[in-house]
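Asker: show me how the following folds:
(one chain, ligands or ions: 2)
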Amino acid sequence: MKVVNMGCDPSEIYRPDIDLQNGKPKENFRNYKEGPLMDRVFNTYLLMHTNQTVAFVRKKNEEYGGCGLHQMTIMEALDLLDKVVDESDPDVDFPNSYHAYQTAEGIRKAHPDKDWFHLVGLLHDMGKVLALLGEPQWAVVGDTFPVGCEVQDSVVLRDSTFHNNPDMKNPLYNSKYGIYQPNCGLEKVLMSWGHDEYMYKVMKRNNFALPQEAFYMIRFHSFYPWHTGGDYMHLCNEEDLRMLPWVREFNKFDLYTKCENLPEPQELKPYYQSLIDKYCPGQLQW
Ligand SMILES: [Fe+2]
Ligand SMILES: [Fe+2]
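Answerer: Numbering: from 1, shown residues only. Ligands and ions are numbered 1, 2, ... in the order given. Sure, this is the predicted structure:
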């Protein structure tokens, strides 16, 4: 793999006069209809949408909820991401550790005064270490969606991947609200299990000294049907809507800093280590 210095200029990302994101037309990101990685992406979502059920999500929340299975530092977890290539991502075919630095550096350039936000960029996908702890990719990566209620239209591959999910035959889970109350708040919603919720639990368990926005961005960054699709608003409370702009702000960097010019981790590590020391130091419970 060719590793070169960061070549993506995030200042180009938000210029309204050009529609290229790191040399790629904006509409070419998140293309789930065609592309060289489409077979791999489709199969990951087919497995995810077949197997993510209310019962499965409850089981995983219980299994990982206590974060008592492993101990490691943030940098050790980041190094593990060198071994993870996200099989649900149509835009990336390189290890996730580079994506962590790309996202963080994009945020750092656009929001130089918010060091906690830079760290969110680095941390946001760290829950993908689940893939190295024995979880299949369909239970780790990809967009998330609420289980226990009707699947809304903006869920990726909604019409071609849910037919074998047993929850689709349970009338309790197939009304607009399903097992939830109107505007109950996303806190009360069971999201399909994956790296978002896992990392959120790790952050809570280890008392990360980050603002609420950071917890929110990490917990719901893969909930595209909500933050980008505009669905599931009927489950949100006021707090969710207050946090939504932050999740959207984060998403710009998560998505549009993806490019093949890879950053040089060794040059960036000292800065991010200083943020780790400030907000989430030492051995952590996972
Ligand atoms: Fe992610
Ligand atoms: Fe990401």
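Asker: which element is Val57 on?
Answerer: helix 54-65 (DSSP states H and E).
Asker: which SSE is immediately downstream of that helix?
Answerer: Beyond helix 54-65 toward the C-terminal end (DSSP H and E), the next one is strand 71-72.
Asker: list the buried residues of the next helix or strand after that next one.
Answerer: For strand 71-72, the following helix or strand on the C-terminal side (DSSP H and E) is helix 74-80. Neighbour-count burial for helix 74-80 flags Ile74, Ala77, Leu78, Leu80 (criterion: 16 or more other Cβ atoms under 10 Å). C-betas here are computed from N, CA, C, even on glycine.
Asker: how far off centre is helix 74-80?
Answerer: Put simply, helix 74-80 sits 17 Å off its chain's centre (Cα atoms, centre = their mean, to the nearest Å).
Asker: for it, packing partners?
Answerer: Counting by 3 or more Cβ pairs under 8 Å, 6 or more residues apart in numbering; DSSP states H and E, the packing neighbours recorded for helix 74-80 are helix 96-110, helix 115-123, helix 265-279.
Asker: one step back: could I get the buried residues of helix 74-80 as a markdown table with distance to ligand 1 and pLDDT?
Answerer: Formatted as a markdown table, those follow (distance: Cβ to the ion, whole Å; pLDDT from 0 to 100):
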| residue | distance to ligand 1 | pLDDT |
| --- | --- | --- |
| Ile74 | 16 | 98 |
| Ala77 | 14 | 97 |
| Leu78 | 14 | 95 |
| Leu80 | 15 | 93 |
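Asker: give the contact list for Thr53.
Answerer: Val147, Asn165, Pro166, Asp167 (Cβ atoms under 8 Å, 6 or more residues apart in numbering).
Asker: among those residues, who's most crowded?
Answerer: Within these, neighbour counts (other Cβ atoms under 10 Å) peak at Val147, which reaches 23 neighbours.
Asker: that one and Trp286: what is the separation?
Answerer: 24 Å (Cβ to Cβ, to the nearest Å).
Asker: output stretch 161-170 as CSV - backbone C-alpha positions only.
Answerer: Output of stretch 161-170 as CSV, limited to C-alpha atoms (Å, rounded to 0.1, in the frame of the first residue of the first chain):
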residue,chain,number,x,y,z
THR,A,161,-32.2,-7.1,2.2
PHE,A,162,-34.8,-7.5,5.0
HIS,A,163,-36.9,-10.4,3.6
ASN,A,164,-35.4,-13.1,5.8
ASN,A,165,-35.3,-11.1,9.0
PRO,A,166,-37.7,-12.9,11.5
ASP,A,167,-38.7,-9.5,13.1
MET,A,168,-40.4,-8.6,9.8
LYS,A,169,-43.0,-11.2,10.5
ASN,A,170,-43.7,-9.9,14.1
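Asker: which one is Tyr200 nearest to, not counting chain neighbours?
Answerer: Arg219 (3.9 Å; Cβ to Cβ, 6 or more residues apart in numbering).
Asker: and for Pro211?
Answerer: The shortest distance from Pro211 to any non-neighbouring residue, by Cβ to Cβ, 6+ apart, is to Trp116 (6.1 Å).
Asker: and the lengthiest helix in the chain with ligand 2, contact?
Answerer: As assigned by DSSP state H, the longest helix anywhere in the chain is helix 238-256. Yes - contact of helix 238-256 with ligand 2 is found when judged by Cβ under 5 Å from the ion, involving Asp254.
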